[in-house]
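J.: Provide a 3D model corresponding to the input given below.
(one chain, ligands or ions: 2)
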Amino acid sequence: MTTAESRPSLDFVRTAIEDDLKQGRFPGVVTRFPPEPNGYLHIGHAKSICLNFALAAQYGGKCHLRFDDTNPIKEEQRYIDAIKEDIRWLGFDWGGNEFYASDYFEQLYEWAVKLIEAGLAYVDDLSLEEIRQYRGTLTEPGRPSPHRERPVEENLDLFRQMRDGAFENGSKVLRAKIDMASPNINLRDPVMYRILKAKHHRTGEAWSIYPMYDWAHGQSDSIEGITHSICTLEFEDHRPLYDWFIQALGIHHPRQIEFARLNLSHTVMSKRKLLELVNENHVEGWDDPRMPTISAMRRRGYPPEAIRAFAEGVGVTKRKQTVSIALLEHHVREHLNKSAPRIMGVIKPLKVVIENYPEDQSDELEAVNNPEDESAGTRKVPFGREIYIEQDDFMEDPPRKFFRLAPGREVRLRYAYLVTCTEVIKDADGNVTELRCTYDPESRGGNAPDGRKVKATLHWVSARHGLRAEVREYNALFTQEDPTDVPEDGDWRETINPDSLNVVLDAIIEPSVRGAAPGTRYQFERIGYFCVDPDTTGDTLIFNRTVTLRDAWANIKKREGNA
Ligand code: ATP
Ligand code: MG
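T.: Numbers count the residues shown, from 1 in each chain. Ligands and ions are numbered 1, 2, ... in the order given. Here you go, the predicted structure:
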């Protein structure tokens with residue numbers, strides 16, 4: 001027999017699946033991703049999506065998309081649309097296998113009737129609060145409801161009336177009759193149905209009762225012939241309940257396998273908290289590029305390939321994992337380094353006048369689009385007498401290790417010429433407002449004809465040709481690794497980073513980006529990766545800073561390596 005130890009490359013989920021296939025427990029593999037349409041997908045969901053679709057692909061099976069839409073009060077069509085868009089964008093295709101728990105409401109109702117007839121479910125008049133009190137605790141057994149022994153006929157009649165809308169919200173529930181003394185609280189007669197006179201986004205007003213998640217979920221998996229129900233650890237304690245329902249009904253029994261949720265540092269992932277961030281205007285919306293949602297990451301410029309590589313890279317574990325956001329950014333850089341065309345853009349412009357360059361002249365220089373990808377080719381970048389460089393690339397009085405521009409010093413303008421700073425012009429407050437330089441006409445392309453050494457290479461944009469752009473620089477949304485780690489009288493919202501967004505209105509970008517469509521990604525040389533935002537209208541481009549060039553993850557690894 002093969003053991004998990006002899007197949008070290010297999011995680012526990014794949015080990016379980018392969019054992020099942022070998023033993024003929026299931027003829028193939030059918031997984032599903034089961035979102036509740038009550039919010040937008042986040043990076044944790046991406047992990048589950050990647051896992052479920054990867055398992056289906058690996059074992060030649062299928063992965064269903066099923067909306068677990070059992071709570072009409074919180075669910076909306078727009079969330080369904082956004083979820084589908086996000087999964088497609090991530091690169092996955094569920095084919096025709098799009099399902100809804102609400103499609104099974106009639107079947108679930110019939111099965112509930114079957115359980116009542118078998119004496120395994122009853123209508124209870126206790127309120128939800130009373131049910132909680134009767135339920136007991138981890139150390140104390142629960143107490144039976146006074147209605148627990150209702151005769152089958154009465155239960156059937158009351159349940160029918162619940163469905164018909166004869167009772168008020170909250171006045172009755174249907175409960176499974178299992179064991180009020182079970183050490184597993186999930187088995188202490190869990191609620192199966194509640195009365196909820198609410199309009200459902202798909203079934204309209206057809207129902208006055210709605211199944212609880214625990215009653216709908218396992219049966220939905222069973223109806224769809226799911227073989228492996230992959231879910232997160234908090235459902236481990238629910239598994240005995242799901243098994244109980246399936247056995248009582250005598251229907252197809254999927255195998256449930258639990259793994260640890262993915263948590264990401266410096267952000268929150270609970271949908272309730274994300275909704276609060278949106279509703280309380282801490283961010284601009286669900287797709288605000290600071291959010292951990294898929295739509296925000298798309299808008300920010302994260303490539304789907306990077307998210308997939310991240311999700312697959314962190315692996316599946318049983319232990320709670322909080323992964324550094326630096327690792328996600330590392331994958332983003334890795335992918336963009338290979339795929340994003342380079343351009344020159346100046347975020348904080350400082351004007352430079354090249355005094356020996358003729359006023360009426362201009363020049364076109366050849367620039368490499370992507371040194372990592374020869375097929376990306378080259379482009380022409382215009383040069384002129386007035387250019388902009390980055391304010392940070394000049395210091396009037398430089399310290400020893402500053403090799404960039406300073407009075408009297410020569411630097412290389414990328415792809416262009418060598419220039420020497422001859423004069424510094426300041427305003428009344430002593431701020432540097434302009435530099436005067438001379439260039440060496442013999443250095444076209446950036447090489448000194450006599451081979452003299454020039455240390456620094458700066459990026460630049462021609463003043464006459466450059467495009468003004470807005471740049472949105474994002475930083476972490478929270479100041480601490482775990483934003484919810486606050487004192488008891490504290491509030492997680494107090495850990496929101498006040499500097500999570502810095503808007504620059506007057507960046508200057510080389511003209512080749514004119515007309516770039518929203519979603520286009522570039523590397524601004526020496527600065528970082530940027531993506532055109534959909535807010536762009538007319539001539540002024542708006543760029544989101546996807547990520548800077550500095551790879552914090554690689555540095556962490558390097559330090560660990562040296563330690
Ligand atoms: P809630 O149920 O509180 O609304 P949820 O995040 O569980 O929030 P669902 O829509 O139920 O949202 O999740 C859909 C699927 O995504 C579930 O199978 C769930 O296990 C999985 N999932 C959700 N969050 C994570 C996470 N952080 N890591 C891995 N999988 C996750
Ligand atoms: Mg859930």
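J.: so what's the closest residue in space to residue 73 that isn't next to it in sequence scoring on pLDDT?
T.: The shortest distance from residue 73 to any non-neighbouring residue, by CB to CB, 6 or more residues apart in numbering, is to residue 198 (5.5 Å). C-betas here are computed from N, CA, C, even on glycine. For residue 198, the model assigns a pLDDT of 96.
J.: so where is the stretch 151-300 of the chain shaky, pLDDT-wise?
T.: By pLDDT under 70, the stretch 151-300 of the chain contains no weakly predicted segment.
J.: how about the strands in it?
T.: 173-176, 191-195, 209-211, 228-232, 255-259, 262-264 (DSSP state E, counting those that start in this stretch).
J.: What of the stretch 401-550 of the chain?
T.: Under DSSP E, counting those that start in this stretch, the stretch 401-550 of the chain gives strands at 410-413, 418-426, 432-439, 457-458, 461-462, 467-474, 501-509, 521-524, 528-532, 541-548.
J.: quick one: contacts of the fourth one?
T.: Read that as strand 457-458. The contact list for strand 457-458 (CB atoms under 8 Å, 6 or more residues apart in numbering) reads 389, 390, 393, 404, 405, 411, 412, 413, 414, 446, 526.
J.: How about the fifth one?
T.: Contacts of strand 461-462 with the rest of the structure, by CB under 8 Å, 6+ apart, involve 344-346, 349, 362, 381-384, 386-388, 508-511.
J.: among those, which one has the lowest pLDDT?
T.: Within those, lowest confidence goes to residue 362 (88).
J.: In contact with that residue, which residues?
T.: Contacts for residue 362 (CB under 8 Å, 6+ apart) come out as 382, 383, 384, 462, 464, 465.
J.: cutoff 10 Å now
T.: Neighbouring residues of residue 362 by CB atoms under 10 Å, 6 or more residues apart in numbering: 382, 383, 384, 385, 462, 464, 465.
J.: Near ligand 1, which residues of this protein are found?
T.: 34-36, 38, 44-45, 47-48, 231-232, 261-262, 269, 271 (CB under 6 Å from any ligand atom).
J.: Buried among the residues you listed? Make that a PyMOL selection.
T.: In PyMOL syntax, the buried subset of the residues of the chain next to ligand 1 is picked out as below (16 or more other CB atoms under 10 Å):
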select buried, resi 34+35+36+38+44+45+47+48+231+261+262+269+271
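J.: distance of the residue nearest to residue 332 when sequence neighbours are not counted from residue 92?
T.: Excluding its sequence neighbours, the residue lying closest to residue 332 (CB to CB, 6+ apart) is residue 306, at 4.4 Å. Residue 306 sits 15 Å away from residue 92, going by CB to CB, to the nearest Å.
J.: now residue 19, what's its secondary structure?
T.: Here residue 19 is helix, with the state taken from DSSP: H, G, I helix; E, B strand; the rest coil.
J.: How many residues are close by it?
T.: Residue 19 has 16 neighbours, counted by other CB atoms under 10 Å.
J.: try residue 64
T.: For residue 64, the neighbour count with other CB under 10 Å is 22.
J.: For it, give the beta-bridge partners.
T.: residue 32 (DSSP bridges).
J.: can you pull the contacts of it?
T.: 30-34, 52, 56, 94-99, 220-221, 224-226.
J.: let's see it at 6 Å
T.: 32, 97, 99, 224 (CB atoms under 6 Å, 6 or more residues apart in numbering).
J.: top of these by neighbour count?
T.: When neighbours are taken as other CB under 10 Å, the top entry among those is residue 32 (26 neighbours).
J.: Quick check, that residue in contact with residue 226.
T.: Yes: counting by CB atoms under 6 Å, residue 32 touches residue 226, with 5.4 Å between them.
J.: Which single one of the contacts of strand 457-458 is nearest to ligand 1?
T.: Nearest to ligand 1, judged by CB to the nearest ligand atom, of the contacts of strand 457-458 is residue 526 at 35.4 Å.
J.: Apart from its chain neighbours, what residue comes closest to that closest one?
T.: Nearest non-adjacent residue to residue 526 (CB to CB, 6+ apart): residue 459, at 5.3 Å.
J.: Residue 525 is in contact with that neighbour, correct?
T.: Yes: shown here, residue 459 and residue 525 form a contact pair, counting by CB under 6 Å, at 4.7 Å.
J.: Name the residues contacting each of the two.
T.: Common neighbours of residue 459 and residue 525 (CB under 6 Å, 6+ apart) are residue 344.
J.: ok so, going back, close enough to count as contact, the residue nearest to residue 73 and residue 72?
T.: Yes: at 4.5 Å, residue 198 counts as touching residue 72 under the criterion of CB under 6 Å.
J.: Pick out whichever of the two has more residues nearby.
T.: The neighbour comparison of residue 198 against residue 72 (other CB under 10 Å) goes to residue 72, with 20 against 15.
J.: that older thread, tell me the one among the contacts of residue 64 nearest to residue 501.
T.: residue 32 (37.0 Å; CB to CB).
J.: Identify the residues contacting the closest one.
T.: 64, 66, 226.
J.: Residue 390 - how many residues pack around it?
T.: Residue 390: 20 neighbours (other CB under 10 Å).
J.: Spatially, which residue comes closest to it, not counting chain neighbours?
T.: Of all residues beyond its chain neighbours, the one nearest residue 390 is residue 346 (5.4 Å), with distances taken as CB to CB, 6+ apart.
J.: again with residue 175
T.: Nearest non-adjacent residue to residue 175, counting by CB to CB, 6+ apart: residue 189, 4.6 Å away.
J.: Tell me which stretches of the stretch 101-250 of the chain form helices.
T.: 105-117, 128-134, 152-164, 213-223, 239-249 (DSSP state H, counting those that start in this stretch).
J.: Format the strands of the stretch 401-550 of the chain as a markdown table; extra columns: mean neighbour count and distance to residue 328.
T.: Formatted as a markdown table, the strands of the stretch 401-550 of the chain follow (neighbours: other CB atoms under 10 Å; distance: least, CB to CB, whole Å):
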| stretch | mean neighbour count | distance to residue 328 |
| --- | --- | --- |
| strand 410-413 | 22 | 34 |
| strand 418-426 | 17 | 39 |
| strand 432-439 | 17 | 38 |
| strand 457-458 | 20 | 30 |
| strand 461-462 | 24 | 31 |
| strand 467-474 | 19 | 13 |
| strand 501-509 | 16 | 19 |
| strand 521-524 | 24 | 16 |
| strand 528-532 | 26 | 13 |
| strand 541-548 | 23 | 9 |
